[in-house]
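Enquirer: what follows is a protein structure lacking sequence information:
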């Protein structure tokens, strides 16, 4: 079985912002893929996150493996108010850039929790893979990408949401 990626929406930031939204996600695909090339500004150990359907309850969990070139780390966070996409791994850089891919499987299924697998990294600090669980059986109809408190998504960042159709 082959899969076809179809672009749903692309957003290019013309100014710095704390969040962006993908709304009215159609239910005509089997899976979603969110590709991000972005600049990010935040304080020590800041990162950026995502929420599904504007859910800000403590309904997210994350397991992550990361490497900095000289060390490796593992994290497990429960009862979060959003899913983690990226972290600044203690290097303390205020500004960095990176590429990230988020795969969201079976996003329209109304009888299972949703899983989002993120792969990425940035040129200054780390590479990682994480798995987020959103404990909801609702179909995903919107995604919000947001910086931690005081963090900013920088002008020039590009976000593209794809739908995958199985053939």
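Expert: That came through fine. Keep in mind that what you see is a predicted model, and the values were worked out from it rather than measured.

Enquirer: isn't residue 153 right next to residue 13, touching?
Expert: Yes - applying Cβ atoms under 8 Å, one finds residue 153 in contact with residue 13, separated by 6.2 Å. Where you see a C-beta, it was placed from the backbone N, CA and C, and this is true even at glycine.

Enquirer: got the residue ranges for the strands in this protein?
Expert: Taking DSSP state E, the strands of the chain run over residues 3-12, 19-22, 31-41, 47-52, 60-67, 72-80, 83-87, 95-105, 114-122, 127-134, 143-147, 152-153, 158-166.

Enquirer: mean pLDDT lowest for which of those strands?
Expert: For those, mean pLDDT drops lowest on strand 83-87, to a mean of 78.

Enquirer: identify the contacts common to residue 153 and residue 13.
Expert: Listed as contacting both residue 153 and residue 13 by Cβ atoms under 8 Å, 6 or more residues apart in numbering are residue 20.

Enquirer: which of those two has more neighbours?
Expert: Shown here are residue 153 and residue 13; by other Cβ atoms under 10 Å, residue 153 has more neighbours (25 against 17).

Enquirer: residue closest to the middle of this protein?
Expert: Note on the chain: the residue nearest the mean C-alpha position is residue 85, at 3.9 Å, using Cα atoms, centre = their mean.

Enquirer: correct me if wrong: that one contacts residue 38.
Expert: No - Residue 85 is beyond contact range of residue 38, at 9.7 Å (criterion: Cβ under 8 Å).

Enquirer: what sits in contact with each of these two?
Expert: residue 100.

Enquirer: so what touches stretch 131-140?
Expert: For stretch 131-140, with Cβ under 8 Å, 6+ apart as the criterion, the contacting residues are 25, 27, 32, 52-53, 55, 59-64, 83-84, 104, 107-118.

Enquirer: and with 7 Å instead?
Expert: Residues outside stretch 131-140 that contact it (Cβ atoms under 7 Å, 6 or more residues apart in numbering): 25, 27, 52-53, 55, 59-63, 83-84, 104, 107-108, 110-117.

Enquirer: buried residues in it, which are they?
Expert: For stretch 131-140, burial by neighbour count (16 or more other Cβ atoms under 10 Å) applies to 132-134, 136, 140.

Enquirer: before we move on, what about stretch 20-28?
Expert: So for stretch 20-28, counting by 16+ other Cβ under 10 Å, buried means 20, 22, 25.

Enquirer: same question, stretch 60-74
Expert: Neighbour-count burial for stretch 60-74 flags 60-62, 64, 66, 68 (criterion: 16+ other Cβ under 10 Å).

Enquirer: residues contacting residue 26?
Expert: Neighbouring residues of residue 26 by Cβ under 7 Å, 6+ apart: 8, 163.

Enquirer: cool, thanks, talk later.
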